[in-house]
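# Need a 3D model of the sequence below.
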Amino acid sequence: MSSWEQRADYLVEVAQRCLRGHQSFDLCRSHLVAASQISKGTIYNHFTTEADLVVAVACAQYQDWLVAAARDQQQYTDPFECYLFHHCQRLHDVLAQKRFVIERMMPNQELLQQASDVYRDRFNDLLEQYQAWNQGIILRVGERAGFDRYELLKNYIRGTMINSDDGIRRCDDLQTYYQFSYAMAQLMGHSDKRIPSKQIFADWLSQQHQPQAAMSAA
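This is a model prediction of the structure:
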């Protein structure tokens with residue numbers, strides 16, 4: 001990786017940190033100067049428009065989801081559980097890390113048109129890959145006629161993520177993930193399938209918080 005690419009990745013990481021806990025993308029390129037200790041000219045060379053910064057952050061998030069998707073497929077042999085726990089993990093990350101919910105901004109065709117070709121093309125490629133992964137998992141679980149299950153689930157998950165950062169939900173609330181999974185199973189058309197038990201979710205949550213406990217102890 002070149003120094004240019006490393007600096008770009010660093011700037012995106014700084015942007016993500018600055019956006020934690022925010023409910024709107026109120027970060028501008030100029031804000032990164034003090035936060036990153038990198039000159040304004042260099043930052044503007046990396047992101048020639050404000051849209052570039054938004055799309056770059058979105059690209060990083062979608063890339064993280066794709067990495068997680070590949071890891072989840074190795075961990076969960078059952079596609080039904082893989083899908084549920086993948087999106088539960090996404091919800092947990094938002095709640096635990098106060099991540100900015102990029103679904104508030106993207107996909108957005110108007111914003112993409114304002115972005116540079118390199119960022120627009122990168123985002124479209126990542127979006128296509130992530131959509132294909134989700135559609136593939138849903139098909140493996142079992143197709144149900146009558147509705148576009150992918151669209152139903154996508155819109156529900158997006159709404160859940162956007163509404164999750166209201167400051168009320170806790171990242172360690174077992175019932176949040178249990179209800180989330182139940183709703184996804186219904187929208188998938190698989191009410192006949194049993195979602196993981198509350199004990200399984202409790203064990204999963206315990207594993208999520210072990211790294212945090214170890215860091216606190218250190």
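# Please count neighbours and contacts with C-alpha atoms only from this point.
Fine.
# Tell me the secondary structure at Gln16.
Three-state call for Gln16 (DSSP: H, G, I helix; E, B strand; the rest coil): helix.
# Please apply the same query to Asp192.
Classified using three-state DSSP, Asp192 is coil.
# got the contact list for it?
Listed by Cα atoms under 8 Å, 6 or more residues apart in numbering, the contact set of Asp192 is empty.
# try His86
68-69, 72.
# same thing but 7 Å
For His86, the contact set (Cα atoms under 7 Å, 6 or more residues apart in numbering) comprises 69, 72.
# Repeat that for the one 5 residues further on.
For Leu91, the residues meeting the contact criterion (Cα under 7 Å, 6+ apart) are Met161.
# how near is it to Ile157?
9 Å (Cα to Cα, to the nearest Å).
# now swap in Gln210 and tell me
In terms of Cα to Cα, Gln210 sits 26 Å off from Ile157.
# Which residues outside stretch 149-156 are in contact with it?
Contacts of stretch 149-156 (Cα under 7 Å, 6+ apart): 135, 184, 187-188.
# Now list the buried members of these.
Among the contacts of stretch 149-156, those scoring as buried are 184, 187-188 (criterion: 16 or more other Cα atoms under 10 Å).
# just checking, which of these belong to helices?
184, 187 (DSSP state H).
# Pick the one among the buried ones among the contacts of stretch 149-156 closest to Cys28.
The closest of the buried ones among the contacts of stretch 149-156 to Cys28 turns out to be Met184 (Cα to Cα; 35.4 Å).
# Look up which helix or strand the nearest residue to that closest one once chain neighbours are set aside falls in, please.
Leaving aside its sequence neighbours, Met184 sits nearest to Leu153 (Cα to Cα, 6 or more residues apart in numbering; 6.5 Å). Using DSSP states H and E, the element containing Leu153 is helix 149-164.
# in that helix, what counts as buried?
149-150, 153-154, 156-157, 161-162, 164.
# do the same with stretch 23-34
With burial defined by 16+ other Cα under 10 Å, the residues of stretch 23-34 counted as buried are 23, 27, 29, 32-33.
# Could you do stretch 83-93 as well?
Here stretch 83-93 shows 83-92 as buried, counting by 16+ other Cα under 10 Å.
# so of the residues you listed, which ones are in strands?
Among the buried residues of stretch 83-93, none falls in strands (DSSP state E).
# so, if you compare those, which one comes nearest to Asp52?
Arg90 (23.8 Å).
# Grab the nearest non-local neighbour of the closest one.
Arg90 sits nearest to Trp65 (Cα to Cα, 6+ apart), 7.9 Å away.
# what's the helix or strand for the one you found?
Assigned by DSSP H and E, Trp65 falls in helix 50-75.
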